[in-house]
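Undergrad: Test case, fold it:
(chains A and B)
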Amino acid sequence: MYLSLLRKFPLAALILLSQNLMAQQPVAQGVEMADRLRADGKIWVVVAVIAAVFAGIILYLVRLDSQIGKLEKEIKNQKKEVRPKTQDIDR
Amino acid sequence: MNKNWWKALAVLILSYVVLKGLLGVVPRQPILNESIRNVYFHVPLWFAMITLLLTSAVYSIRYLRNGRLGDDLVAVEFANTAILFGLLGCATGSLWANFTWGEPWPNDPKLNCVAVGMLMYLAYLILRGSFDDEQRRARISAVYNIFAFAVFVPLIFIVPRLTDSLHPGNGGNPAFGKYDMDSNMRMVFYPAIIGFTLLGVWITELGVRMRRVKMALDD
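TA: Modelled structure (predicted):
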């Protein structure tokens, strides 16, 4: 137990240290970015919202596409039905 | 092969752009900060708009060569989608400018030239609405459309470069140079252009088919 803790400690220290270094990076480079938002994982909320909007627009387009496709088919069928009749009249 | 494969491709590319555009690594730039990600969404809208307007002009030329009303119909729908993208581009640009340049519509040559260009294309739609005769409307608006494109290109590509502009790539500073974009950004930016262009073509295709259905119903 004691030994394993001893083994874990340097690892934990290393992780803590490296996180600290990561946090210092933006300050060192002098430009503030939304690092906190990313670290918290809240960026995924933004991703989810935009993805939902995008998915909604695409679904709308797909639905419109299929509806117009149905209308096109109807018109095609109508023309097929109408044409032989007019030819009969001509004869 | 399914003839709608390119629509799926558009959705795939744009999903990638949204994900990678928000989560990917971007250069740390002062003033811009995280808003540099707008490059993935604002700029491709304009690129797509230019492509759509060019196609519209090509269809107008085709109409004048062969006189088929079908070509004129395609030209209008391409112009419609291009205007939609242009308005979205203006809106997104205004939002972005408000935070980085300090005001929603700074007195920048690129912005003012684009405003003139948008008005030209809105006039194209009004011009179309003012004719009752189909052939007359198609012929005159096709000529106008070609002239409008011929003026639009120098307005947004040449005039802003002659003077000083806030936009990168104008007034002497190179666009897409190593100071604006790194290879990480290009991996998202170039697909975004293709994705938004395909989306525009898709919307245009729906409009064209809708008009054809209407014409068939009128006959």
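Undergrad: count of neighbours near the closest residue to chain B within chain A?
TA: Nearest residue of chain A to chain B: residue A:31, at 4.0 Å (Cβ to the nearest Cβ). (Glycine included, C-beta is placed from N, CA and C.) Other residues lying near residue A:31 total 15 when counted by other Cβ atoms under 10 Å in any protein chain shown.
Undergrad: Same check on residue A:70?
TA: 10.
Undergrad: In this model residue B:35 seems to touch the residue of chain A closest to chain B, though I could be wrong.
TA: No: using Cβ atoms under 8 Å as the test, residue A:31 is too far from residue B:35 to be in contact (11.9 Å).
Undergrad: Find the residues that touch each one of these two.
TA: Contact with both residue A:31 and residue B:35 is made by no residue, according to Cβ atoms under 8 Å, 6 or more residues apart in numbering or on different chains.
Undergrad: Under the pLDDT cut-off, which ranges of chain A? List them.
TA: Low-confidence segments of chain A (pLDDT under 70): A:1-29, A:83-91.
Undergrad: which residues in it form helices?
TA: For chain A, the helices defined by DSSP state H cover A:2-29, A:35-40, A:43-90.
Undergrad: hang on, the earlier thing: report the contact partners of the residue of chain A closest to chain B.
TA: Per Cβ under 8 Å, 6+ apart, neighbours of residue A:31: B:28-30, B:33.
Undergrad: and what of residue B:122?
TA: residue B:83.
Undergrad: State the pLDDT value of it.
TA: On the pLDDT scale, residue B:122 is placed at 95.
Undergrad: That one and chain A: what is the separation?
TA: 24 Å (Cβ to the nearest Cβ, to the nearest Å).
Undergrad: Check the gap between that residue and residue B:84 for me.
TA: The gap separating residue B:122 from residue B:84 is 12 Å, by Cβ to Cβ, to the nearest Å.
Undergrad: what does chain A have sitting close to chain B?
TA: Listed as neighbours of chain B in chain A under the rule Cβ under 8 Å from any Cβ of the partner chain: A:26, A:29-34, A:43, A:46-47, A:50-51, A:54, A:58, A:61, A:64-65, A:68-69, A:71-72, A:75, A:79.
Undergrad: Mind checking which of the residues you listed are buried?
TA: Using 16 or more other Cβ atoms under 10 Å in any protein chain shown as the burial test, these include A:33, A:43, A:58, A:61, A:64, A:68, A:71, A:75 as buried.
Undergrad: just checking, the second one touches residue A:37?
TA: Yep, that's residue A:43 we're talking about. Yes: the criterion here is Cβ under 8 Å, and residue A:43 meets it with residue A:37 at 5.3 Å.
Undergrad: Stretch B:37-56 vs chain A: in contact?
TA: No: for stretch B:37-56, no contact with chain A is found by Cβ under 8 Å from any Cβ; the gap never falls below 9.5 Å.
Undergrad: for that stretch, which positions count as buried?
TA: For stretch B:37-56, by 16+ other Cβ under 10 Å, it's B:37-53, B:55-56.
Undergrad: Stretch B:77-85 now?
TA: Here stretch B:77-85 shows B:77-85 as buried, counting by 16+ other Cβ under 10 Å.
Undergrad: Could you measure from residue A:70 over to residue A:63?
TA: From residue A:70 to residue A:63 the distance is 11 Å (Cβ to Cβ).
Undergrad: Can you point out the buried residues in stretch B:141-159?
TA: For stretch B:141-159, by 16+ other Cβ under 10 Å, it's B:141-142, B:144-146, B:148-149, B:152, B:155-156, B:159.
Undergrad: can I get the CA coordinates of that stretch in PDB?
TA: The C-alpha trace of stretch B:141-159 is given here as PDB (Å, rounded to 0.1, in the frame of the first residue of the first chain):
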ATOM      1  CA  SER B 141     -31.900  40.400 -67.400                       C
ATOM      2  CA  ALA B 142     -29.300  38.000 -68.800                       C
ATOM      3  CA  VAL B 143     -27.400  40.900 -70.400                       C
ATOM      4  CA  TYR B 144     -27.700  42.800 -67.000                       C
ATOM      5  CA  ASN B 145     -26.500  39.700 -65.100                       C
ATOM      6  CA  ILE B 146     -23.300  39.400 -67.300                       C
ATOM      7  CA  PHE B 147     -22.500  43.100 -66.800                       C
ATOM      8  CA  ALA B 148     -23.200  42.900 -63.100                       C
ATOM      9  CA  PHE B 149     -20.700  40.100 -62.700                       C
ATOM     10  CA  ALA B 150     -18.100  42.000 -64.800                       C
ATOM     11  CA  VAL B 151     -18.400  44.900 -62.500                       C
ATOM     12  CA  PHE B 152     -18.700  42.900 -59.300                       C
ATOM     13  CA  VAL B 153     -15.300  41.100 -59.700                       C
ATOM     14  CA  PRO B 154     -13.100  44.300 -60.000                       C
ATOM     15  CA  LEU B 155     -15.200  45.900 -57.200                       C
ATOM     16  CA  ILE B 156     -14.300  43.300 -54.600                       C
ATOM     17  CA  PHE B 157     -10.900  42.000 -55.900                       C
ATOM     18  CA  ILE B 158      -9.200  45.000 -57.400                       C
ATOM     19  CA  VAL B 159     -10.500  48.200 -55.800                       C
END
